[in-house]
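Undergrad: 3D model of this:
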Amino acid sequence: MRGTKAVLLVVMLTLGMASGTAAADPAADRPSALPPIAAPLALFTLTTIPDGWQTRTDLRPQLEIFADGRAVSSPDAIAADRRPETPPKRIEGHIRPDALTAAVAETTALATADLGVPRAADQSSRIIDYMPQSAGQDVHLVVYAPEATDGLGAEQQAARKRFADLYRTLLDAFVPDN
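TA: Take a look at the predicted model:
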């Protein structure tokens, strides 16, 4: 009889602990409010994944540009001192039509360029996503280790410079609304 009671006690404690463990949801401790994706989707999205990206799971685009020239800048999107539960600042503004037209042309031209992959590992990346309304015309440009040139040919380095110039030009073309 004593053995049966001991077994029942162990079973009850095990079930009680298991149900207590199941009730502890780690997601409940995390902030649930990531801003919803705005509609319509951005025509251009510029994103930087900084060195040590493995520790950040909350990266956001630095710049989103819409087809009508409206834009949203998040200058602290990759700031190391921004807490993961704090969304990046969103500054509304615009891009001049000529800058947008030039960016579309350069992005589509870079779609066939070989941007290379340097020997450097675990370094930052930069991404330009161009997503027009027409399906099948999307361009996704990714430059791994943008500062590295080890193992890259002259044409790859020239293409990466064009990418860097385009990225910088778009960031610089942003004009905040007053």
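Undergrad: what's in contact with stretch 127-139?
TA: With contact meaning C-beta atoms under 8 Å, 6 or more residues apart in numbering, stretch 127-139 is reached by 41-49, 67, 104, 107-108, 110-111, 140-143, 163, 166-167, 170. Quick note: C-beta positions are derived from backbone N, CA and C, even for glycine.
Undergrad: Now with 7 Å, please.
TA: Residues from elsewhere that reach stretch 127-139, judged by C-beta atoms under 7 Å, 6 or more residues apart in numbering: 41, 43-47, 107-108, 111, 140-142, 166-167.
Undergrad: So which of those residues belong to helices?
TA: Within the contacts of stretch 127-139, residues falling in helices by DSSP state H are 107-108, 166-167.
Undergrad: May I see the ChimeraX selection of the buried members of those residues?
TA: The ChimeraX selection below is limited to those of the ones in helices among the contacts of stretch 127-139 classed as buried (16 or more other C-beta atoms under 10 Å):
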select :107,166,167
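Undergrad: related to what we said a few turns ago, make a markdown table from the contacts of stretch 127-139 and add distance to Phe174 and pLDDT to it.
TA: Below are the contacts of stretch 127-139 laid out as a markdown table (distance: C-beta to C-beta, whole Å; pLDDT from 0 to 100):
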| residue | distance to Phe174 | pLDDT |
| --- | --- | --- |
| Leu41 | 18 | 82 |
| Leu43 | 14 | 93 |
| Phe44 | 11 | 95 |
| Thr45 | 13 | 95 |
| Leu46 | 10 | 95 |
| Thr47 | 15 | 93 |
| Thr107 | 16 | 96 |
| Thr108 | 21 | 95 |
| Ala111 | 23 | 95 |
| His140 | 21 | 95 |
| Leu141 | 19 | 95 |
| Val142 | 21 | 94 |
| Leu166 | 14 | 97 |
| Tyr167 | 12 | 96 |
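Undergrad: Below-threshold pLDDT in this structure: ranges please.
TA: The chain contains residues with pLDDT under 70 at 1-40, 52-57, 121.
Undergrad: before we move on, the earlier item: show the buried residues in the contacts of stretch 127-139.
TA: Applying 16+ other C-beta under 10 Å to the contacts of stretch 127-139 flags 43-47, 107, 141, 166-167 as buried.
Undergrad: residues contacting Arg126?
TA: 48, 143, 146, 167.
Undergrad: Tell me the secondary structure at it.
TA: Per DSSP: H, G, I helix; E, B strand; the rest coil, the local secondary structure of Arg126 is strand.
Undergrad: Repeat that for Gln157.
TA: helix.
Undergrad: Wait, it touches Thr149, no?
TA: Yes. Gln157 lies in contact with Thr149 (C-beta atoms under 7 Å); the separation is 5.6 Å.
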